[in-house]
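Trainee: Next input, structure requested:
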Amino acid sequence: MADEKDREEIGTIIRSLGCCPTEGELHDLIAEVEEEEPTGYIRFEKFLPVMTEILLERKYRPIPEDVLLRAFEVLDSAKRGFLTKDELIKYMTEEGEPFSQEEMEEMLSAAIDPESNSINYKDYITMMVIDEN
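Mentor: Next comes the predicted model:
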């Protein structure tokens, strides 16, 4: 159906609108808009008002640039200005709320410089952060 979206795509849609919910928040959100009988699909008519409210409330806003930079600097204890691909995978899959394989691949494709096989996190943060002005 044209007015339904696969529930797997909902996170991608929400994040493309500049919102950064955790997997837990995303799960709750999907539960809120899913039909009483889960079909694996989300009806657009149910999703739209919920998403509109999220955008108006500025919910799930991205972390500010300076906070993100400090977080990367903590991980980069040698103060090199970059993390290797292996370090990034380790931090993103072993600590806190781990990334799924799919999320990890998506992030790596956007973040890792194929020549150096590392992430220059200052450039990555600049690319990631949405300009609010």
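Trainee: okay, CA-based contacts and neighbour counts for the rest of this
Mentor: Fine.
Trainee: Confirm residue 124 sits in a helix?
Mentor: Yes: secondary structure of residue 124 (DSSP: H, G, I helix; E, B strand; the rest coil): part of a helix.
Trainee: And the helices in the chain, which stretches?
Mentor: 7-16, 23-33, 44-57, 65-75, 85-94, 101-111, 121-128 (DSSP state H).
Trainee: quick one: pLDDT of residue 75?
Mentor: The per-residue pLDDT reported for residue 75 equals 92.
Trainee: can you check the one 3 residues further on too?
Mentor: pLDDT recorded at residue 78 is 92.
Trainee: do residue 86 as well
Mentor: 92.
Trainee: Next: residue 57.
Mentor: 90.
Trainee: What residue spans form the domains of this protein?
Mentor: The chain breaks down by automatic domain parsing into domains covering 4-57, 65-128.
Trainee: start to end distance for the longest one?
Mentor: Same thing as domain 65-128. Counting by Cα to Cα, to the nearest Å, you get 9 Å between the two ends of domain 65-128.
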